[in-house]
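> structure for this input, please:
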Amino acid sequence: MITGEFVNNEVVVFGKAESEEVYGIGTYGKIKDDNLVLSLCEALHLVERGKIKIKIAKKEAPKEDLYKLFSESDKEFTQKYAVYKDLRERGFLVRTGFKFGTHFRVYDRGVEMKKGPKAPTEHTKWIVHAVPEGFTCSYQELSRAVRLAHNIRAKMLWAIVDEEKDVTYYKIERITP
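Residues are numbered from 1 along each chain as shown. Next comes the predicted model:
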């Protein structure tokens, strides 16, 4: 089984062959210098699927310990992981939305990441932000998120995660009369 290491709030799979194998499972992570860098959500999802194991300080960590560590490392991890897992299990390609100021970019089922020009069906379909039940935000924050999504021709989804880790998606859009 392929092993990753927890390094600086990410999980790294070292080695070109191992990196390409894990990436090929379903476009997980980003290959940098022949190594694969996984987000915490991607890494835990792969552990749950039995595709990789993760070492911390050269010792294999069980899933429960990883969940606790990742939750301590990222205060939003609990709701982000619930949404990430839900979207992946529905068959969507999920990538980070960091450069867009949100949690995830989501591509439709069957889309594969590629370099160069993309067909309209290969672009980001949704921008998804995961929040806990009871979350509040200002109208300005809501408007900013919707405008950003529309600027890249995507839909803005707010993913509300309840106490049972069930996810409900709300599409927010701007309408002009």
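> could you use CA atoms for every contact and neighbour count after this?
Will do.
> which strands and helices lie in contact with the helix or strand encompassing residue 11?
Taking DSSP states H and E as the definition, residue 11 sits inside strand 10-13. Using 3 or more Cα pairs under 8 Å, 6 or more residues apart in numbering; DSSP states H and E, the elements in contact with strand 10-13 are strand 2-7, strand 35-38, helix 40-48.
> what residues sit buried inside the helix or strand that that strand is followed by?
Next helix or strand after strand 10-13 toward the C-terminus (DSSP H and E): helix 16-26. By 16 or more other Cα atoms under 10 Å, the buried positions in helix 16-26 come out as 18, 19, 20, 22, 23, 26.
> coming back round to it: how far out from the middle of the chain is the strand holding residue 11?
Offset of strand 10-13 from its chain centre (Cα atoms, centre = their mean, to the nearest Å): 14 Å.
> just stretch 17-33 next, same as before
With Cα atoms, centre = their mean, you get 15 Å for stretch 17-33.
> what does it contact?
Stretch 17-33 is contacted by residues 2, 13, 34-39, 42, 51, 93, 95, 112-113 when judged by Cα atoms under 8 Å, 6 or more residues apart in numbering.
> so who does the closest residue to residue 37 other than its chain neighbours touch?
Nearest non-adjacent residue to residue 37, counting by Cα to Cα, 6 or more residues apart in numbering: residue 12, 4.6 Å away. Shown in contact with residue 12 (Cα under 8 Å, 6+ apart): 4, 5, 6, 35, 36, 37, 38.
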